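Colleague: Build me a structure from this.
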Amino acid sequence: MSNTRIAFIGAGNMAASLIGGLRAKGLQAAQICASDPGAESRARVSAEHGIKTFADNAEAIQDADVIVLAVKPQAMKAVCQALRPSLQPHQLVVSIAAGINCASMKTWLGEQPIVRCMPNTPSLLRQGVSGLYATCEVSPTQRNQAQELLSAVGIALWLEQEQQLDAVTAVSGSGPAYFFLMIEAMTAAGVKLGLSRETAAQLTVQTALGAAQMAVSSDVDAAELRRRVTSPNGTTQAAIESFQAGGFEALVEKALGAAAHRSAELAEQLGQ
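Modeller: Okay, the predicted model is just below:
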């Protein structure tokens, strides 16, 4: 990426996160630019990262090697169709817009090399994970460029089939909300057990953070970590058995299946 020039179409939170990650990795401000219709968004990202900004998308991509589409899914069709006359064959298009498949983008952009990504909101803290899928037009060099781009805000994992992005959406794209729901529920339960809301929230959030760090750093899987915490006939076993009696695993499977199904539905709707 040392000589790669990157243009962001859209200067919202996710774009700003990626720009910050790239700058932290050593990319020069002169290598990055962004366009956005909002003067406030342009001013903010320019002031924070020292990059050049544009109101016009076509002007922003003139010298770019990589074009990152960081716009709302509902705006993608119009943005892509407007960009098409200004695109050059060598330019890699990276989409971080949820629910827009590669077939739709090819219809709107032409036969550009495209990498479709599904990042998640912890990317804003550079603790994200992204699923990536590349069309056949993407070269090995361009795959590396996309890998480094998304790795600037966390982990980037390549997928063999585009349809797997629906599963990525269900697991990691929507996943932070599931953990937030668990935090809400545990905090509320702690309050009912006699704790103050502040204490229950602190205990829950720190426990979630510690458990995640243990899972990341451990050389065993989550099931083994759970077994190590669960003493026979102890308090943890009582709680785990209560979860399982309520159909916990089946409920999680059903919920993620619903998210994946909705992801596929949205791709069809937004691609029309």
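
Colleague: Select the longest helix from the protein.
Modeller: Ordering each helix of the chain by length in residues (DSSP state H) puts helix 248-270 first.

Colleague: Pull the residues that contact that one.
Modeller: 73-74, 76-77, 98-101, 104, 163, 165-167, 169-171, 173-174, 178 (Cβ atoms under 8 Å, 6 or more residues apart in numbering). In this view, the C-beta of every residue, glycine as well, is placed from N, C-alpha and C.

Colleague: hmm, 7 Å instead?
Modeller: Residues outside helix 248-270 that contact it (Cβ atoms under 7 Å, 6 or more residues apart in numbering): 73, 99-101, 166-167, 169-171, 174.

Colleague: And stretch 221-228, by the same measure?
Modeller: Contacts of stretch 221-228 (Cβ under 7 Å, 6+ apart): 214-215, 218.

Colleague: Apply 6 Å and report the result again.
Modeller: Applying Cβ atoms under 6 Å, 6 or more residues apart in numbering, the external contacts of stretch 221-228 come out as 215, 218.

Colleague: Over to stretch 108-118?
Modeller: Outside stretch 108-118, the residues that touch it by Cβ under 6 Å, 6+ apart are 77, 80-81, 84, 87, 92-96, 102, 105, 130-135, 137-138, 142, 146, 150, 165, 168-169, 173.

Colleague: Which of those residues are buried, as a ChimeraX select command?
Modeller: To isolate in ChimeraX the members of the contacts of stretch 108-118 that are buried, counting by 16 or more other Cβ atoms under 10 Å, one can use:
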select :77,80,87,92,93,94,95,96,102,105,130,131,132,133,134,135,138,142,146,150,165,168,169,173
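
Colleague: center of this structure - which residue?
Modeller: The geometric centre of the chain, computed from its C-alpha atoms, lies nearest to P119 (Cα atoms, centre = their mean), at 1.2 Å.

Colleague: wait, doesn't it sit right on G131?
Modeller: No - P119 is beyond contact range of G131, at 8.4 Å (criterion: Cβ atoms under 6 Å).

Colleague: quick one, what contacts the residue nearest to the centre of the chain?
Modeller: Counting by Cβ under 6 Å, 6+ apart, P119 makes contact with 96, 128, 130.

Colleague: from the residues you listed, which is closest to T199?
Modeller: Set against T199, the nearest of these by Cβ to Cβ is G128 (29.7 Å).

Colleague: how close does the residue nearest to the closest one when sequence neighbours are not counted sit to R42?
Modeller: Excluding its sequence neighbours, the residue lying closest to G128 (Cβ to Cβ, 6 or more residues apart in numbering) is G154, at 3.4 Å. Noted for G154: a distance of 26 Å to R42, by Cβ to Cβ, to the nearest Å.
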